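> return atomic coordinates for the entry below.
(one chain, ligands or ions: 1)
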Amino acid sequence: MRRLVVGNWKMNGMASDLGALGPVYEAAAPRGAAEVAICPPATLIAALAGAAAGRIWVGGQDCHAAAKGAHTGEISAPMLIDAGARRVILGHSERRRDRAEDDAAIGAKIAAAQAAGLGVILCVGETEAERDAGRTGDVVAAQFRAALAAAGPVDPARLDLAYEPVWAIGTGRVPAMADIAAVHALLAREIAGAFGAAGQGVRILYGGSVTGANAAEIFAVPGVGGALVGGASLKPEEFARIIRAA
Ligand code: 13P
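Modelled structure (predicted):
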């Protein structure tokens, strides 16, 4: 399966940064290279989609559950499509934390995103306290099941997962490779349980302090179908190195 490498710029990036993405386009160009997406802040989606001209995917970092309406400050899935996005990150731990997004809200967004034609990258991951309590597997399985149950019918052809341990995000800390393998295997079983054979194309990305230096080791872990990259995706040369490692 072709790997998927996604850069999540979070609340970073100005129009002046888009001209520096040459190394990213180059790394994504060879036949057989990983699929690459950048999810910039919404202000840059249209500009990046224009500049990228199909060389990489462009995605959103969130969307509203409604297609339009009186929701000041929000952005809908059809608007993301209209701006040139083809994918959207949903359920990121920063939104679960900062915006109190629960599984029901995330499920509604999954339904809205797929109805609009977006590919969904659904994030799951345990906190440090949950890990220390030995609850990692239970937590990520419950997040996956609850979001899917709230979404209603989900098309696995337009779904990828990202396993992002909350304590590994932006900290420079990465789980033991055996722990990544175990969680990815568990999520693969969850996907098979939910979708059967139709779920075979659902990739499970790893996210949390992925860098140019550790990407190759992480991609060598069985079951890792790509990476969701925060900080390192802001540095085009380093993001290109991660893409080449994939
Ligand atoms: P970092 O790569 O900065 O740890 O962020 C990971 C992340 O949250 C990507 O969505």
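> so residue 123 sits in a helix?
No. Counting by DSSP: H, G, I helix; E, B strand; the rest coil, residue 123 is not part of a helix but strand.
> beta-bridge partners for it, please?
When assigned by DSSP bridges, residue 123 has beta-bridge partners residue 162.
> give me phi/psi at whatever residue of the chain ends up closest to the ligand?
Closest to the ligand within the chain is residue 230: 2.3 Å, counting by Cβ to the nearest ligand atom. (Glycine included, C-beta is placed from N, CA and C.) Dihedral pair for residue 230: phi -90, psi -100, per degrees, to the nearest 10.
> what is the burial count for it?
Residues lying near residue 230 (other Cβ atoms under 10 Å) number 21.
> check it and give its pLDDT.
The model reports residue 230 with a pLDDT of 98.
> for the residue nearest in space to the middle of the chain, what are its contacts?
In the chain, the centroid-proximal residue (Cα atoms, centre = their mean) is residue 121; its distance is 4.3 Å. For residue 121, the contacting residues are 6, 59, 87, 88, 89, 90, 160, 161, 162, 205, 228, by Cβ atoms under 8 Å, 6 or more residues apart in numbering.
> for it, report the pLDDT, please.
According to the prediction, residue 121 has pLDDT 98.
> for this protein, which helix is longest?
Looking across the chain with DSSP state H, the single longest helix is helix 177-195.
> what residues sit buried inside it?
177, 180-184, 186-188, 190-191, 194-195 (16 or more other Cβ atoms under 10 Å).
> report all helices and strands that whatever helix or strand comes next after that helix contacts.
Proceeding N to C from helix 177-195, the next assigned helix or strand is strand 204-207, under DSSP states H and E. For strand 204-207, the elements it packs on are strand 4-8, strand 159-163, helix 177-195, strand 226-229, judged by 3 or more Cβ pairs under 8 Å, 6 or more residues apart in numbering; DSSP states H and E.
> if you set the cut-off to 10 Å instead, what comes out?
Where contact means 3 or more Cβ pairs under 10 Å, 6 or more residues apart in numbering; DSSP states H and E, strand 204-207 is packed against strand 4-8, strand 119-124, strand 159-163, helix 177-195, helix 215-219, strand 226-229.
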